[in-house]
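Q: Sequence and predicted model, in that order:
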There are 2 protein chains.
Amino acid sequence: MARKPSPERRSTPERIVDAAVRLFAAKGFDATTVQEVVEAASVTKGALYHYFGSKDDLLYEIYRALIERQMADLDRIVAAGEDATTTVRRIVVSLVETTAESVDETAVFVREMHKLGADRMASFRAERRRYHETFRAVVEKAQADGTFSSRVPADTAVLIALGVVNQLPTWYRPDGPKSPDRLATEIADFVLAGLRP
Amino acid sequence: MARKPSPERRSTPERIVDAAVRLFAAKGFDATTVQEVVEAASVTKGALYHYFGSKDDLLYEIYRALIERQMADLDRIVAAGEDATTTVRRIVVSLVETTAESVDETAVFVREMHKLGADRMASFRAERRRYHETFRAVVEKAQADGTFSSRVPADTAVLIALGVVNQLPTWYRPDGPKSPDRLATEIADFVLAGLRP
């Protein structure tokens, strides 16, 4: 899995985005000022504007960094060319683990993404679509060769798998009774049972 | 299914909440003023404050009205005492249909609920828990008597069913290719396949 860089290895833009995520999660996007982000990240305002043109850019970057890691995982998993059951299990494990280690990022994005401007929103939709379609193609191929049942369209199966993951920030607690690994196994088991011929 | 009252039958507080939902969905909770809600609902400020002490009360009421309808549906479906497969299918159909006809309400709540004060948040969590536990008890009972598989804990199966429904406002379009009925059938088919022994 493509992990988040550890704090000591973070670059200046990574530290800025990290400070922005914590502030947006705690106070909300509208109530957070660029000055507060600058202070929390211990950088100058000039440094922030060197990397990000606006607060909007920061909000988009939170999402872009997360989906880039998830998309890289997905491409790597699909390229490995394992059987469909193994591939779907690995996709679900990657999604649950990256989301569980990025609950603030996911929560901020779920709450605030509708505030993105039209261009950013178009990029967001395009990246989300690419993820969805790559995942769906795995399911469709396995449905075509009879490995998976065609009872439910691949589209809906993918929306179900992604739905529980995107909702995870509303109920998942890092100190809760289930590890991300345990949760991922249960979700993958359920999704694969739903796809069994 | 407990339907929303039709526009002409709406009471003053219902009209106020309806205006608030449209404004919160379009502009966001923070950017909407009480004056704007009053104007959009064609009521006086006094009338609004007669029913709602604050904007916070309005936000909570949006959620309360929706979960009250969903909880009433759930209690009615469970009380009917049908077999577990029929009961789960009816629960999913009720959830998808009430959510599809309340996408603005669901979207506003998903985005803004973290702004509720501590008391309101506690009520919200208690109502959500009651819904979750009632649904889970249906699955657990059927797992105990062998109607459903125990492969995946009932808790996780319920989170998966609720996850896709709560995410629906991010991708569902009333003018899209699938009716709420069709979507509900597909989701119920998938969930029931995942629970099959």
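A: Right, received. Where do you want to start? Numbers count the residues shown, from 1 in each chain, chains lettered A, B, ... in the order given.
Q: Please count neighbours and contacts with C-alpha atoms only from this point.
A: Fine.
Q: so does stretch A:147-157 get close to chain B?
A: Yes: using Cα under 8 Å from any Cα of the partner chain, we find that stretch A:147-157 touches chain B at A:151, A:152, A:153, A:156, A:157.
Q: ranking those residues by neighbours, who comes first?
A: Greatest neighbour count in the residues of stretch A:147-157 next to chain B, by other Cα atoms under 10 Å in any protein chain shown, goes to residue A:157: 24 neighbours.
Q: now the helix or strand that residue falls within against helix B:154-171, angle please.
A: Counting by DSSP states H and E, the element that carries residue A:157 is helix A:154-171. Interaxial angle, helix A:154-171 versus helix B:154-171 (axes from the mean of the first three to the mean of the last three Cα atoms, to 10 degrees): 110 degrees.
Q: Could you tell me how far helix A:154-171 lies from the centre of the chain?
A: Using Cα atoms, centre = their mean, to the nearest Å, the distance from the centre of helix A:154-171 to the centre of the chain it belongs to is 11 Å.
Q: Ok, stretch A:86-101 next?
A: Relative to the chain's own centre, stretch A:86-101 is displaced by 10 Å; criterion: Cα atoms, centre = their mean.
Q: near chain B, which residues of chain A?
A: Taking Cα under 8 Å from any Cα as the contact definition, chain A meets chain B at A:110-112, A:151-153, A:156-157, A:159-167, A:183, A:186-187, A:189-196.
Q: Among the residues of stretch A:147-157 next to chain B, find me the one that's closest to chain B.
A: Using Cα to the nearest Cα, residue A:152 comes nearest to chain B of those, at 5.7 Å.
Q: Now for the closest one: which residues touch it?
A: By Cα atoms under 8 Å, 6 or more residues apart in numbering or on different chains, the contact set of residue A:152 is A:195, B:186, B:187, B:189, B:190.
Q: ok, now how distant is the last one from residue A:195?
A: It stands for residue B:190. Distance from residue B:190 to residue A:195, counting by Cα to Cα, to the nearest Å: 8 Å.
Q: In chain A, where is pLDDT below threshold?
A: A:1-8 (pLDDT under 70).
Q: Which elements pack onto the lengthiest helix in it?
A: Longest helix in chain A by number of residues (criterion: DSSP state H): helix A:118-144. On a contact count with 3 or more Cα pairs under 8 Å, 6 or more residues apart in numbering or on different chains; DSSP states H and E, helix A:118-144 meets helix A:55-79, helix A:84-100, helix A:154-171.
Q: Any buried residues in the longest one, and which?
A: When you say that, I think you mean helix A:55-79. For helix A:55-79, a neighbour-count test (16 or more other Cα atoms under 10 Å in any protein chain shown) marks A:55, A:57-63, A:66-67, A:69-71, A:73-74, A:77-78 as buried.
Q: Which among the residues of chain A next to chain B count as buried?
A: Buried among these (16+ other Cα under 10 Å): A:110-112, A:151-153, A:156-157, A:159-167, A:183, A:186-187, A:189-196.
Q: could you dump the helices and strands packed on helix A:118-144 to a markdown table with distance to residue B:34?
A: Conversion of the helices and strands packed on helix A:118-144 to a markdown table gives the following (distance: least, Cα to Cα, whole Å):
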| stretch | distance to residue B:34 |
| --- | --- |
| helix A:55-79 | 27 |
| helix A:84-100 | 36 |
| helix A:154-171 | 28 |
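Q: looking at these, which is closest to residue A:128?
A: For these, proximity to residue A:128 was assessed by Cα to Cα; helix A:55-79 is nearest, at 7.9 Å.
Q: Now the common contact residues for residue B:190 and residue A:195.
A: A:151, A:152.
Q: Report the next helix or strand after the helix holding residue A:157 in sequence order.
A: Counting by DSSP H and E, what follows helix A:154-171 is helix A:180-195.
Q: on contacts alone, who are the packing partners of that next one?
A: helix A:84-100, helix A:154-171, helix B:154-171, helix B:180-195.
Q: export those to CSV and tack on distance to residue B:40?
A: Shown next, in CSV, are the helices and strands packed on helix A:180-195 (distance: least, Cα to Cα, whole Å):
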stretch, distance to residue B:40
helix A:84-100, 39
helix A:154-171, 31
helix B:154-171, 23
helix B:180-195, 29
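Q: any idea which element residue A:39 lies in?
A: Per DSSP H and E, the secondary structure element for residue A:39 is helix A:34-41.
Q: can you list contacts of stretch A:96-108?
A: By Cα under 8 Å, 6+ apart, stretch A:96-108 touches A:1, A:3, A:21-22, A:24-25, A:28, A:62-63, A:66, A:70, A:165-166, A:168-170, A:172, A:174, A:180-181, A:183-184.
Q: Please identify the buried residues of it?
A: A:96, A:97, A:98, A:99, A:100, A:102, A:103, A:104, A:105, A:106, A:107, A:108.
Q: Which one of those residues is nearest to residue B:137?
A: The closest of the buried residues of stretch A:96-108, once distances to residue B:137 are taken by Cα to Cα, is residue A:96, at 25.3 Å.
Q: what does the domain assignment say about chain A?
A: Annotated domains of chain A cover A:7-53, A:55-195 [automatic domain parsing].
Q: any chance of those domains in CSV, plus distance to residue B:121?
A: Listed next are those as CSV, based on distance: least, Cα to Cα, whole Å:
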stretch, distance to residue B:121
domain A:7-53, 15
domain A:55-195, 12
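Q: What values do phi and psi take at the residue lying closest to residue A:186 once chain neighbours are set aside?
A: Computed as Cα to Cα, 6 or more residues apart in numbering or on different chains, the closest residue to residue A:186 that is not its neighbour in sequence is residue B:152, at 5.7 Å. Dihedral angles of residue B:152 (phi, psi; degrees, to the nearest 10) stand at phi -120, psi 140.
Q: Okay, residue B:152 and residue A:166: tell me how far apart.
A: To residue A:166, residue B:152 is 19 Å away according to Cα to Cα.
Q: Please apply the same query to residue A:115.
A: 18 Å.
Q: same check, this time on residue A:78
A: When residue A:78 is compared with residue A:166 (using Cα to Cα), they lie 21 Å apart.
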